[in-house]
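Engineer: With the sequence up front, the predicted model follows.
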Amino acid sequence: MTARSRADLATAARIVVKVGSSSISGEASWRIPVIVEALAAAHGRGTEVVLVSSGAIASGIPFLRLDARPTDLATQQAAAAVGQNILVYRYQEALRPFDIVAGQVLLTTGDLENPTSRSNARRAMERLLGLRVLPIVNENDTVATQEIRFGDNDRLGALVAQLIEADALVLLSDIESLYTRPPSDPGAEPIDVIAADADLSGLEFGATVVNSVGTGGAATKVSAARLAAASGIGVLVTSADLVDRALSGAEVGTWFEPAV
């Protein structure tokens, strides 16, 4: 049943959790075991969990001895090819103590737009969940081009939640909640709940590029959250450091009410 409030996350049957590059790459890689522990706790309660994780390109950069995120497509694809392997290995190692197996799922926009590919993707995800595997989803950056990208993994998270008819979507960020304007600005106030039909035109969610390794930010999370909420999926936006509390139904972050 669709999560109608934060409290419902503790008992939701199926949840999609999305985490960005800045939360798990480079010096932040220590956070992977923390996130995995929270996912494992939810898994142990019987919840079916799907993780949408960015970080392939960022994880591959140091192994290619690059000083910064590459700007040309070919090198981005090479970094993704190397980094995706590293990323899933790190997740699997963190999952090992909980006796949970990870399953890698790489998608492109074409996979979700083409009816046959979409059906195949859904069937594979359903089977993985039925086998109690934890699917780890990412955009297939090695073959994606700028013209056919999802744009960011917040949107991918929303589309995956729709694909598998999840009860809730949790978008993990660098800050505890969304604000009425960039949190560094005077007068910025945290937003508790956003109704399904709320008018957000008076709010300022800031730029879409957050750092040198990842794309995203508040604006993309709002867009993705509204996409999922419009299809009847409750969405929570909060900090990656609060993932355990979030999945336990605590009053954290910004909650997007699902459309009826």
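Structural biologist: Yes, it's here. Model, not experiment: these values are computed from the prediction.

Engineer: For the rest of this, base every contact and every neighbour count on C-alpha atoms.
Structural biologist: Fine.

Engineer: what's the host helix or strand of Trp255 in contact with?
Structural biologist: Using DSSP states H and E, Trp255 falls within strand 254-256. Under the contact criterion CA atoms under 8 Å, 6 or more residues apart in numbering, strand 254-256 has outside partners 5-6, 177-178, 190-196, 225-226, 229, 234-238.

Engineer: for the stretch 151-260 of the chain, what spans make up the helices?
Structural biologist: For the stretch 151-260 of the chain, applying DSSP state H, counting those that start in this stretch gives helices covering 153-163, 218-230, 243-247.

Engineer: which one of these lies closest to Glu93?
Structural biologist: Nearest to Glu93 among the helices of the stretch 151-260 of the chain is helix 243-247 (19.0 Å), distances taken as CA to CA.

Engineer: Restrict the closest one to CA atoms and write it as PDB.
Structural biologist: Extracted C-alpha coordinates of helix 243-247, given in PDB (Å, rounded to 0.1, in the frame of the first residue of the first chain):
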ATOM      1  CA  VAL A 243      18.700   7.200   6.200                       C
ATOM      2  CA  ASP A 244      18.200   4.900   9.100                       C
ATOM      3  CA  ARG A 245      15.700   7.300  10.800                       C
ATOM      4  CA  ALA A 246      14.000   7.900   7.500                       C
ATOM      5  CA  LEU A 247      13.400   4.300   6.800                       C
END
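
Engineer: What lies in contact with stretch 116-130?
Structural biologist: Glu48, Val49, Gly103, Gly110, Asp111, Leu112, Leu134, Pro135, Leu163, Ile164.

Engineer: Show me these that map onto helices.
Structural biologist: Residues of those located in helices (DSSP state H): Gly110, Asp111, Leu112, Leu163.

Engineer: okay, now the first one: neighbour count?
Structural biologist: Looking back up the chat, that one is Gly110. A count of nearby residues for Gly110, using other CA atoms under 10 Å, gives 14.

Engineer: returning to what we had before: which of the ones in helices among the contacts of stretch 116-130 are buried?
Structural biologist: Among the ones in helices among the contacts of stretch 116-130, those buried by neighbour count (16 or more other CA atoms under 10 Å) are Leu112, Leu163.

Engineer: Switch the ones in helices among the contacts of stretch 116-130 over to TSV; also include pLDDT.
Structural biologist: Listed next are the ones in helices among the contacts of stretch 116-130 as TSV, based on pLDDT from 0 to 100:
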residue	pLDDT
Gly110	83
Asp111	89
Leu112	89
Leu163	97
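
Engineer: Could you identify the most distant pair in the ones in helices among the contacts of stretch 116-130?
Structural biologist: Greatest spacing in these, by CA to CA: Gly110 and Leu163 (13.6 Å).

Engineer: on that earlier part again, closest to Gly202 among the contacts of stretch 116-130?
Structural biologist: Nearest member of these to Gly202, counting by CA to CA, is Leu163, at 31.3 Å.

Engineer: which residue packs closest to that closest one, ignoring adjacent ones?
Structural biologist: Among residues not flanking Leu163 along the chain, Arg122 sits closest, at 6.3 Å (CA to CA, 6 or more residues apart in numbering).

Engineer: The one you found: which element?
Structural biologist: Arg122 belongs to helix 115-130, assigned by DSSP H and E.

Engineer: by how many degrees do that helix and helix 153-163 diverge?
Structural biologist: Helix 115-130 runs at 80 degrees relative to helix 153-163, counting by axes from the mean of the first three to the mean of the last three CA atoms, to 10 degrees.

Engineer: Which residue ranges of the protein form strands?
Structural biologist: 14-19, 48-53, 102-107, 134-139, 168-173, 193-194, 234-239, 254-256 (DSSP state E).
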